[in-house]
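Chemist: heads up, no residue letters with this:
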């Protein structure tokens, strides 16, 4: 059950290659381990759980101007700090070649 103390935040961004190539680039960079997943609602997406109580998902929406979106979720009581997770995520995306990272409203 989610509570008001949970923290969700999101971004959209551009990436010149496919979701599969982003998957490979993120795993090559480490230290987070990314898994390719399929869901009924969002289709294929990437998921990482870099720490207990933290979940990061990247979705690909090819028909949008910013075709990639990321949802970061930090559950109440997680030992990880939002600022640290956010900084690590931004560095991973930058290293993979993502660009035009913009904050958006969290979605789910």
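Modeler: Perfect, thanks for sending it. Please read these numbers as outputs of a predicted model, since none were measured by experiment. Numbering: from 1, shown residues only.
Chemist: Show me which residues of stretch 45-57 are buried.
Modeler: 45-46, 48, 50-51, 54-57 (16 or more other Cβ atoms under 10 Å). For glycine as for every other residue, the C-beta is placed from the backbone atoms N, C-alpha and C.
Chemist: now these in JSON lines, with distance to residue 88?
Modeler: Output for these, formatted as JSON lines (distance: Cβ to Cβ, whole Å):
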{"residue": "45", "distance to residue 88": "19"}
{"residue": "46", "distance to residue 88": "15"}
{"residue": "48", "distance to residue 88": "10"}
{"residue": "50", "distance to residue 88": "7"}
{"residue": "51", "distance to residue 88": "10"}
{"residue": "54", "distance to residue 88": "10"}
{"residue": "55", "distance to residue 88": "14"}
{"residue": "56", "distance to residue 88": "10"}
{"residue": "57", "distance to residue 88": "15"}
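Chemist: need the strands for the chain, in chain order.
Modeler: Using DSSP state E, the strands assigned to the chain run over residues 7-14, 34-39, 43-48, 54-60, 68-74, 99-104.
Chemist: By mean pLDDT, show me the worst of the ones you listed.
Modeler: Mean pLDDT is lowest for strand 34-39 among the strands of the chain, at a mean of 88.
Chemist: in it, what's buried?
Modeler: If you call a residue buried by 16+ other Cβ under 10 Å, then strand 34-39 has these buried ones: residue 34.
Chemist: Same check on stretch 59-78?
Modeler: 59-60, 66, 68-75, 78.
Chemist: picking that back up, output the strands of the chain in TSV, with distance to residue 24 appended to each entry.
Modeler: Formatted as TSV, those follow (distance: least, Cβ to Cβ, whole Å):
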stretch	distance to residue 24
strand 7-14	17
strand 34-39	9
strand 43-48	10
strand 54-60	13
strand 68-74	15
strand 99-104	18
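Chemist: picking up where we left off before, among the buried residues of stretch 59-78, find me the one that's closest to residue 10.
Modeler: residue 71 (4.9 Å; Cβ to Cβ).
Chemist: In contact with the closest one, which residues?
Modeler: Contacts for residue 71 (Cβ atoms under 8 Å, 6 or more residues apart in numbering) come out as 8-10, 56-57, 59, 106-108.
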